[in-house]
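Peer 1: The amino acid sequence is not available; the structure is as follows:
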């Protein structure tokens, strides 16, 4: 079974985000595998161990993404591919990423594609579904269970506090939700083995793509932090007076009544 995992490099969830001139300041920031993508890596390894095959990690990014790819290899993936767009694309969005990945996968015989449900930096959840649509294969989002029997696949997905069971078939793309599994930690032997596993790097030219083919469809005008929360207001005096003041505040300041 040929299994592909779509991986993204994101800010560490413990990292303090700073904004400079309307953009996120990346200098000195720590980066990690997008946490939802870790579920995808783990599930891919478990599927391979059960059904056989090979797990390939694919990311679109720059040379800096090699660290996260090596981490996924240390977890147990077989090989990795970095599609480096640093020198070819000035601005990228979800369309760019999906277009590049789709073109890379189009000529491959892929059985199963896994990705995280969302990326913790953008949170759009678009790349996986866009790739599936481009390749013309079915997809199921926010899955919490995956069972494969031959070509038949049974998937349980999270639907706002409830669950839905879907039967479909391979080839298939799924996006992984918390609760699907418990991602393993990298071990020292795994880290040592990862150094010898193949990590290929390709560019847009290798995919017969030009910059205009993958130009972003959206533009970020400005990034800013939410306003700081102000201290709460304590009402004093008689209860009747407090009620009157509260209604006034809700109407005039909070504007909710």
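Peer 2: That came in fine, so what should we check first? Model, not experiment: these values are computed from the prediction.
Peer 1: Isn't residue 158 up against residue 177?
Peer 2: Yes - contact status for residue 158 versus residue 177: in contact at 5.1 Å, counting by CB atoms under 8 Å. Just so you know, the C-beta spots here come from the backbone N, C-alpha and C atoms, and that holds for glycine as well.
Peer 1: intersection of neighbour lists for the two?
Peer 2: Common neighbours of residue 158 and residue 177, using CB atoms under 8 Å, 6 or more residues apart in numbering, are 142, 143, 144.
Peer 1: where does the first one fall, phi/psi-wise?
Peer 2: Read that as residue 142. phi 50, psi 50 (degrees, to the nearest 10).
Peer 1: got it, and the second one?
Peer 2: Here is the backbone geometry of residue 143 (degrees, to the nearest 10): phi -80, psi 150.
Peer 1: Wait, a strand at residue 223?
Peer 2: No - under the criterion used here (DSSP: H, G, I helix; E, B strand; the rest coil), residue 223 is coil, not part of a strand.
Peer 1: separation between it and residue 36?
Peer 2: Taking CB to CB, to the nearest Å as the measure, residue 223 and residue 36 are separated by 21 Å.
Peer 1: CSV for the shared contacts of residue 158 and residue 177, including distance to residue 218?
Peer 2: Written out in CSV, the entries for the shared contacts of residue 158 and residue 177 read as follows (distance: CB to CB, whole Å):
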residue, distance to residue 218
142, 23
143, 27
144, 30
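Peer 1: For those, which entry has the maximal number of neighbours?
Peer 2: Neighbours here mean other CB atoms under 10 Å. Within the shared contacts of residue 158 and residue 177, the largest count is held by residue 143, at 25 neighbours.
Peer 1: tally of neighbours for residue 154?
Peer 2: Residue 154 sits with 13 neighbouring residues when counted by other CB under 10 Å.
Peer 1: wait, what's in contact with it?
Peer 2: For residue 154, the contacting residues are 145, 146, 147, 165, 166, 167, by CB under 8 Å, 6+ apart.
Peer 1: quick check, nearest of the residues you listed to residue 111?
Peer 2: The closest of the contacts of residue 154 to residue 111 turns out to be residue 146 (CB to CB; 12.6 Å).
Peer 1: Thought residue 152 was touching the closest one, still the case?
Peer 2: No - assessed by CB under 8 Å, residue 146 is found out of contact with residue 152, at 11.8 Å.
Peer 1: More neighbours: which of the two?
Peer 2: The neighbour count for residue 146 versus residue 152, taken as other CB under 10 Å, is higher for residue 146 (22 against 11).
Peer 1: For the more buried one, what are phi and psi?
Peer 2: phi -140, psi 120.
Peer 1: if I look at it, how far off is residue 140?
Peer 2: Here the distance between residue 146 and residue 140 works out to 9 Å (CB to CB).
Peer 1: joint contacts of the two?
Peer 2: Joint contacts of residue 146 and residue 140 (CB under 8 Å, 6+ apart) are 155, 174.
Peer 1: How much space separates the nearest residue to residue 219 once chain neighbours are set aside from residue 221?
Peer 2: With CB to CB, 6 or more residues apart in numbering as the measure, residue 91 is the residue that lies nearest to residue 219, at 7.0 Å, once sequence neighbours are left out. In this structure, residue 91 and residue 221 are 12 Å apart, going by CB to CB.
Peer 1: now do residue 135
Peer 2: For residue 135, the distance to residue 221 equals 32 Å [CB to CB].
Peer 1: got it, and residue 88?
Peer 2: Distance check for residue 88 against residue 221: by CB to CB, it reads 23 Å.
Peer 1: So if I had to pick from these two, which one is more boxed in?
Peer 2: residue 88 (15 against 6).
Peer 1: Spatially central residue in this structure, please.
Peer 2: Geometric centre of the chain, nearest residue: residue 119, 3.4 Å, by CA atoms, centre = their mean.
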